[in-house]
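Enquirer: Give me a model of this one.
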Amino acid sequence: MQSLFQQAKNCFLTADPEQKIEKTFELTSSWQAGNLSWDKNESIELFDEPGRLPKPEIVMPKELGKRKPGSEKGRATLIHALAHIELTAVNLAWDAIVRYRDMPKEFYDDWTQCAKEEATHFSMLRTRLQEMGYDYGSFPVHNELWKMAIETKDAMSDRMAVVHRVFEARALDVVPGTIKRFDNIGDHFMVKTLNLICDEEVGHVSSAAHWFRYRCHQQQKDPDAEFFQLLKRYMRSPPRGPFNHVVRLQAGFSQNELDFLDKNSPNKNWEVKSPLPLGKG
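Expert: The predicted structure follows:
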């Protein structure tokens, strides 16, 4: 019987996006059918970087111009940026499965399903790009999401809290506005795609909240206090609002967490008098 962890690593290291997506769908189907083993003691070499082709070019965020959806090219650059986030999310899901091996089966259920859904999002966005005469790789991208994934790699709780509950959760706030932009110009395919993304990202962030709190419970830590400390540990400045309270509550945020985010947003510096320890999860 093939191994979930070995196959997840193969998906992670596959460079060609089309092949990565095909392997993702095949792997998730095999896992959900019960056709893969998951021996937690299996020896698996870990890699910090996923497989990538030379394009898209990775640049610093400041080198990217503003994506103005008023023009055809501006809309394409925006869709391309969204596609890059979704493909990165596929890699994040497979990395979490390979990297965090001491978890219950439900953890692997959640993140294989996440990989499948993110792969679907990427495929839909890439289809729209191709219809416009572009493709994934046509524009440069930044890599800040993956950089944070590497910074948090040694602690599952840190990865769940910061990468998924800060970076990924930002989609819960901004995608509804993006949907309106595409609706205003009559791009019904993008409206459908972004509505799907918005709905399913709630589930992804909710899974992260569940497993973050799972680890906090194991370590006898208060989840809200731990979340606040991890924000200060990893973020140079507080997350920028406004925050979509209704959807974030659905995605597992506590009212206490939302009050903290509101209080500290948008441009205040953290007041940390002494270094906070890196949480180990």
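Enquirer: shaky segments in the stretch 51-200 of the chain?
Expert: Within the stretch 51-200 of the chain, the set of residues satisfying pLDDT under 70 comprises 66-69.
Enquirer: just so I have it, where are all the helices in it?
Expert: Ranges of helices within the stretch 51-200 of the chain are 72-99, 105-131, 144-151, 156-158, 170-184, 188-218, based on DSSP state H, counting those that start in this stretch.
Enquirer: where does K280 land on pLDDT?
Expert: Looking at K280, its pLDDT stands at 33.
Enquirer: Can you tell me which of the helices of the stretch 51-200 of the chain is nearest to L27?
Expert: With CB to CB, the closest approach to L27 among the helices of the stretch 51-200 of the chain belongs to helix 105-131: 7.1 Å. Any C-beta I mention is one placed from the backbone N, CA and C, and that applies to glycine too.
Enquirer: helices and strands around that closest one, which ones?
Expert: Helices and strands in packing contact with helix 105-131 are listed as helix 4-13, helix 17-32, helix 72-99, helix 188-218; criterion 3 or more CB pairs under 8 Å, 6 or more residues apart in numbering; DSSP states H and E.
Enquirer: Of all those, which one comes closest to P54?
Expert: When these are ranked by proximity to P54, the top entry is helix 17-32, at 12.5 Å, counting by CB to CB.
Enquirer: buried residues in that closest one?
Expert: Neighbour counts using 16 or more other CB atoms under 10 Å place 17, 20-21, 23-24, 27-28, 30-31 of helix 17-32 among the buried residues.
Enquirer: Report the distance from it to the chain centre.
Expert: Between the mean C-alpha location of helix 17-32 and the chain-wide mean there is a distance of 18 Å, by CA atoms, centre = their mean, to the nearest Å.
Enquirer: between it and helix 4-13, how big is the angle?
Expert: 160 degrees (axes from the mean of the first three to the mean of the last three CA atoms, to 10 degrees).
Enquirer: Could you list every helix and strand in contact with helix 17-32?
Expert: When contacts are defined as 3+ CB pairs under 8 Å, 6+ apart, helix 17-32 packs onto helix 4-13, helix 72-99, helix 105-131.
Enquirer: try 10 Å this time
Expert: In this structure, helix 17-32 packs against strand 2-3, helix 4-13, strand 36-37, helix 72-99, helix 105-131, with contacts taken as 3 or more CB pairs under 10 Å, 6 or more residues apart in numbering; DSSP states H and E.
Enquirer: Give the buried residues for the last one.
Expert: Read that as helix 105-131. Buried residues in helix 105-131, counted by 16+ other CB under 10 Å: 107-108, 110-126, 128-129.
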